[in-house]
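S.K.: Any chance you can model this:
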Amino acid sequence: MSSVTAGHVPPTTHDHDHEHHHGPEKGWRRWVFATNHKDIGTMYLVFSFAMLLEGGVLALLLRTELFAPGLQFFQPELFNQFTTMHGLIMIFGSIMPAFVGFANWMIPLQIGASDMAFARMNNFSFWLLPIGAILFTVSFFVPGGANAAGWTMYAPLSLQMGPGMDFTIFAVHILGASSIMGAINIIVTVLNMRAPGMTLMKMPLFCWTWLITAYLLLAIMPVLAAAVTMLLTDRHFGTAFFNAAAGGDPVLYQHIFWFFGHPEVYVMILPAFGIISSVVPAFARKPLFGYASMVYATAAIAILSFLVWAHHMFATGLGTTSQLYFMYATMLISIPTGVKVFNWVATMWRGALTFETPMLFAIGFIFVFTLGGFTGLILAVAPIDIQVHDTYYVIAHFHYVMVAGSLFGMYSGAYYWLPKWTGVMYDEKLGKMHFWSSMISFNITFFPMHFLGLAGMPRRYADYAAQFTDFNMIATIGAFWFGISQLIFLWLVIKAARKIGEPAPAQPWEGATGLEWSVPSPAPFHTFETPPVVK
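M.R.: Next up, the predicted model:
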């Protein structure tokens, strides 16, 4: 490892600082015209956190209305606009850009590349995001308000919506184009720009999960584009793809949408798997258990994700044979996912564990994500799904996977790499406070929703029967607590960004063996043959 560490650049110095003193990029120009992967990664992360806060505020408006039965604050129409935009902003504005931000920052460092393959396209794909976000947000202020047809934009309802629906369609197109460009960039970078000796099967798992995710994105984003374009032509140009009265089929929209939508949930979780696979070995002071099986499991999840889309559609009257196929194919996904969970636990087994914030979020992720996985397995059973379809049980399930999955995975990675990014150690006490506060409040918010769903409370309703009051009150209190908890993270990051804290050492996590701590960008020539020494 010596020849690698000899070329190590301490995290306090930035290898792009010198360019900006005699070049044109100073001040705001450094960001607007950014082609440096670190600057672009930072912009992605900042943007996605801003969108997380916007989507979070919409969620809190929903929970405020649901604190008690009866209509307190919002008419059902506005309530449904909040629901729709909360979903779309969280998915396309927060989770996906955040993971692309991680990819931009870490993939070149982890594979020893000097930058991303297409630096200017990288800049372009980022600047499409604020445009899409503005379109989403402005749609609240057009006649008829934002799209209230649900984040899935189901026909035939979406055919009758006002101009807010068109804003949504264009925003989805723009954000989809951004995703496609990001995916192309990641694929080319990983396949063509690895340092000599860095074979595919020696890459950190984060690079693997993102490579597979990028292929998923390339396959599914055009499908979503097709679906919303057909909606657009149905709305304005006299076609009848989804209009039953004119010979179209509304269920066709669901098939096209979920053929995008199911792999999409894996787009939002696979990079988190990669982050957890970097963090757990570092704090267990052990190499990852079963590296090859992790790579194959990731690929298996990705392939299977294309074969199960209609499990979202058990209630549409699928034939029995189709129901059986989609039920068993869905259950099959739990096997490679179980392999991953087993490998993470096996990595921790008899390791020299310490519980700094990144590790807390990683363990929290494994626990709560597994719970969300089990409820997914329950929902795969067609007869059960038909009963709890469109109830709060489904809400509970996918928030356990998306919030406790994607979001906790991102927090784990953010705390793990913050010293690398900022050059200072973040405030560990604040980090632990953020973890425990988020973990407890998250479960207070979403666990009662399982009971609400099993008792039959439907989702997307602004009002409900009196027997659901107690659990809704608990969930609302938890939601506000969870929302406020995220401000701890914001404060911690501002402190680190302003260099308030101890300077980060070359190896912030004692005994952490991740390559990304040892390889500067660009990497010196090295074969990576000798394994790192584990203390």
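
S.K.: Report the rounded mean pLDDT for stretch 507-521.
M.R.: On average, the pLDDT along stretch 507-521 is 53.

S.K.: now the helices for the stretch 401-535 of the chain?
M.R.: 408-422, 428-454, 469-497 (DSSP state H, counting those that start in this stretch).

S.K.: I'd like to know which of those is closest to residue 246.
M.R.: helix 428-454 (35.8 Å; Cβ to Cβ). C-betas here are computed from N, CA, C, even on glycine.

S.K.: mind listing what's buried in the closest one?
M.R.: Taking 16 or more other Cβ atoms under 10 Å as the neighbour-count basis, helix 428-454 is seen to contain the buried residues 430-435, 437-439, 441-453.

S.K.: From residue 422, how far out is the spatially closest residue to residue 273 that is not a sequence neighbour?
M.R.: Residue nearest to residue 273 in three dimensions, not counting chain neighbours: residue 209, with 5.3 Å by Cβ to Cβ, 6 or more residues apart in numbering. To residue 422, residue 209 is 24 Å away according to Cβ to Cβ, to the nearest Å.

S.K.: higher neighbour count, the two?
M.R.: residue 209 (29 against 21; other Cβ atoms under 10 Å).

S.K.: name the element that one belongs to?
M.R.: Assigned by DSSP states H and E, residue 209 belongs to helix 205-236.

S.K.: which secondary structure elements does the helix or strand following that helix contact?
M.R.: Per DSSP H and E, the first helix or strand lying C-terminal to helix 205-236 is helix 250-267. Packed against helix 250-267 by the contact rule (3 or more Cβ pairs under 8 Å, 6 or more residues apart in numbering; DSSP states H and E) you find helix 205-236, helix 291-304.

S.K.: And the contacts of helix 250-267?
M.R.: The contact list for helix 250-267 (Cβ atoms under 8 Å, 6 or more residues apart in numbering) reads 91, 96, 152-156, 213, 216-217, 219-221, 223-224, 226-227, 230-231, 241-244, 301-302, 305-306, 308-313, 316, 398, 401-402.

S.K.: Those residues, buried ones only, as a ChimeraX selection?
M.R.: Buried residues among the contacts of helix 250-267 (16+ other Cβ under 10 Å), as a ChimeraX selection:
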select :91,96,152,153,154,155,213,216,217,219,220,221,223,224,227,230,231,241,242,243,301,302,305,308,309,310,311,312,313,398,401,402
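
S.K.: Give me the distance between the two termini of stretch 447-467.
M.R.: End-to-end distance for stretch 447-467: 17 Å, by Cα to Cα, to the nearest Å.

S.K.: Report the distance from that stretch to the chain centre.
M.R.: Stretch 447-467 has its C-alpha centroid displaced from the chain centroid by 26 Å (Cα atoms, centre = their mean, to the nearest Å).

S.K.: Torsion angles phi and psi at residue 352?
M.R.: When read as degrees, to the nearest 10, the backbone of residue 352 gives phi -90, psi 70.

S.K.: Please read the previous query as pertaining to residue 146.
M.R.: phi -70, psi 170.

S.K.: let's have the chain start at 191 instead
M.R.: New numbering, starting at 191: the last item is residue 336.

S.K.: give me the low-pLDDT residue ranges for the chain?
M.R.: Where the chain drops to pLDDT under 70, the residues are 191-214, 700-725.

S.K.: for the residue nearest to residue 463, what are its contacts?
M.R.: Counting by Cβ under 8 Å, 6+ apart, residue 399 makes contact with 460, 461, 463, 464, 467, 488.

S.K.: run the last query once more with 10 Å
M.R.: By Cβ atoms under 10 Å, 6 or more residues apart in numbering, the residues touching residue 399 are 289, 293, 456, 459-468, 484-485, 488-489, 491-492.
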